[in-house]
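Enquirer: no sequence for this one, just the structure:
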């Protein structure tokens, strides 16, 4: 289309003032609902320890007058387990558990006192909880403790998160 110009619309609004200070991406783009900014993030998978963490997080959100961000991290498995390929590639395993958890939480009476949202992520649990905490500028991340041999062998989520998080981590036994 050489030689053709696209005319500017007559009602075009000026987006930015040429004399104004440039803003950073974080100032102009909010990736989450402002009602939940500075809320409480809680990791939840339906286990007994995560239910205790949820109960504590609900109380904490009620006391602080903030929203509750419930995070369920879906399973991701390395394909090297199946194909023996290098470098490791991760495959999202279909996880309908989030839908079930969402329905259970929507019917729960104990969540009626606090605004809440359920966020599904895929990947490393520690990384995803910290990332959601960063996106929502969370005041704290609440997780349940890990009991059993898996936590002893691979390290607990709570322990790894407490070592690397950039915000307070509360571990509920």
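Expert: Arrived safely. Just so it is clear, the model here is predicted, and its values are computed rather than measured.
Enquirer: Next one: residue 171, what pLDDT does it get?
Expert: On pLDDT, residue 171 comes in at 93.
Enquirer: mind checking the SS state of the closest residue to it other than its chain neighbours?
Expert: Leaving out its chain neighbours, the residue that sits closest to residue 171 by C-beta to C-beta, 6 or more residues apart in numbering is residue 158, at 4.3 Å. Heads up, the C-betas are built off the backbone N, CA and C, glycines and all. Here residue 158 is recorded as helix under DSSP: H, G, I helix; E, B strand; the rest coil.
Enquirer: my guess is residue 158 contacts residue 169, does it?
Expert: Yes: with contact defined as C-beta atoms under 8 Å, residue 158 reaches residue 169; the gap is 7.2 Å.
Enquirer: show me the contacts for the residue nearest to residue 171.
Expert: Shown in contact with residue 158 (C-beta atoms under 8 Å, 6 or more residues apart in numbering): 143-146, 169, 171.
Enquirer: Show me the shaky parts of this protein.
Expert: Low-confidence segments of the chain (pLDDT under 70): 1-32, 75-96, 147-155.
Enquirer: Go again with 80.
Expert: Within the chain, the segments meeting pLDDT under 80 span 1-35, 75-98, 146-156.
Enquirer: what about the strands in it?
Expert: Applying DSSP state E to the chain gives strands spanning 40-43, 68-74, 76-78, 90-92, 116-122, 140-144, 169-172.
Enquirer: re earlier: identify the contacts common to residue 158 and residue 169.
Expert: By C-beta under 8 Å, 6+ apart, residue 158 and residue 169 have these common neighbours: residue 143.
Enquirer: Pull out the buried positions in stretch 132-141.
Expert: For stretch 132-141, the neighbour count (16 or more other C-beta atoms under 10 Å) marks 132-133, 135-136, 138-141 as buried.
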